[in-house]
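Colleague: what would the 3D arrangement of this be:
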Amino acid sequence: MKIQELERRLLEEGCSPHNFSIGHQGSDVYCLDNKFGTWRVYYTERGEDHSPIFESQSEEEACEFYFDYIMTKIRHDHMVGFFKSEHNAKALREKLARNAIQSHQDKIPYGGWIDPRYRVFVVGKDIFRAREILGEVPKEDQGAW
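Modeller: Below you'll find the predicted structure:
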């Protein structure tokens, strides 16, 4: 496989495009790029590249390693809900569960600890089923902003 096919395959598998960077340096992701004829897989964090975890002269070999690594080492969360109301987040999770889609939720201090937001996520290929059921995602509170 070449890099042109790699991104398409990752997206078809339900990988979040926020979890990888192909052909260039990303930010806080695993990257696959070519420097001076060597294909490298490495993590970059806040603009700082970590040491490569894989290097090869072969694009195909590097793409196979990268695909396997991204598929097995990273959980691919997709946000399907962003709410001011915890009740609305719970209702969305119940709707997903009724359709046999597992989800999880977190709470972030959006406007500080007294103004939280509740996010609902599905993992991997469940994003495709969630979009079929919900339409455009993420869902949000009506008139809450």
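Colleague: please count neighbours and contacts with C-alpha atoms only from this point.
Modeller: OK.
Colleague: who are the packing partners of the helix or strand hosting residue 21?
Modeller: In this assignment (DSSP states H and E), residue 21 forms part of strand 20-22. Here strand 20-22 touches strand 29-35, going by 3 or more Cα pairs under 8 Å, 6 or more residues apart in numbering; DSSP states H and E.
Colleague: so what strands line up beside the strand it packs on?
Modeller: Strands adjacent to strand 29-35 in the sheet, as given by DSSP bridges, are strand 20-22 (parallel), strand 38-45 (antiparallel).
Colleague: switch those over to TSV; also include distance to residue 141.
Modeller: Shown next, in TSV, are the strands paired with strand 29-35 (distance: least, Cα to Cα, whole Å):
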stretch	distance to residue 141
strand 20-22	30
strand 38-45	33
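Colleague: same list (those) but as TSV, adding mean neighbour count and distance to residue 94.
Modeller: TSV is the format used below for the strands paired with strand 29-35 (neighbours: other Cα atoms under 10 Å; distance: least, Cα to Cα, whole Å):
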stretch	mean neighbour count	distance to residue 94
strand 20-22	20	30
strand 38-45	20	36
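Colleague: out of those, which comes closest to residue 100?
Modeller: Distance to residue 100, taken as Cα to Cα, is lowest for strand 20-22 among these, at 27.7 Å.
Colleague: circling back: quick one: closest of the strands paired with strand 29-35 to residue 77.
Modeller: Here strand 20-22 is closest among the strands paired with strand 29-35 (Cα to Cα), at 12.6 Å.
Colleague: which outside residues touch that closest one?
Modeller: Identification of contacts with strand 20-22 by Cα atoms under 8 Å, 6 or more residues apart in numbering yields 3, 7, 26, 29, 30, 31, 32, 33, 70.
Colleague: now stretch 91-98
Modeller: Applying Cα under 8 Å, 6+ apart, the contact partners of stretch 91-98 are 81, 102, 103, 104, 120, 130.
Colleague: just the buried residues of the lengthiest helix in the chain, please?
Modeller: The single longest helix within the chain, with elements called by DSSP state H, is helix 59-73. Across helix 59-73, burial judged by 16 or more other Cα atoms under 10 Å covers 59, 61, 62, 63, 65, 66, 67, 70, 71.
Colleague: and of those residues, the nearest to residue 19?
Modeller: For the buried residues of helix 59-73, the nearest to residue 19 is residue 70 (8.1 Å; Cα to Cα).
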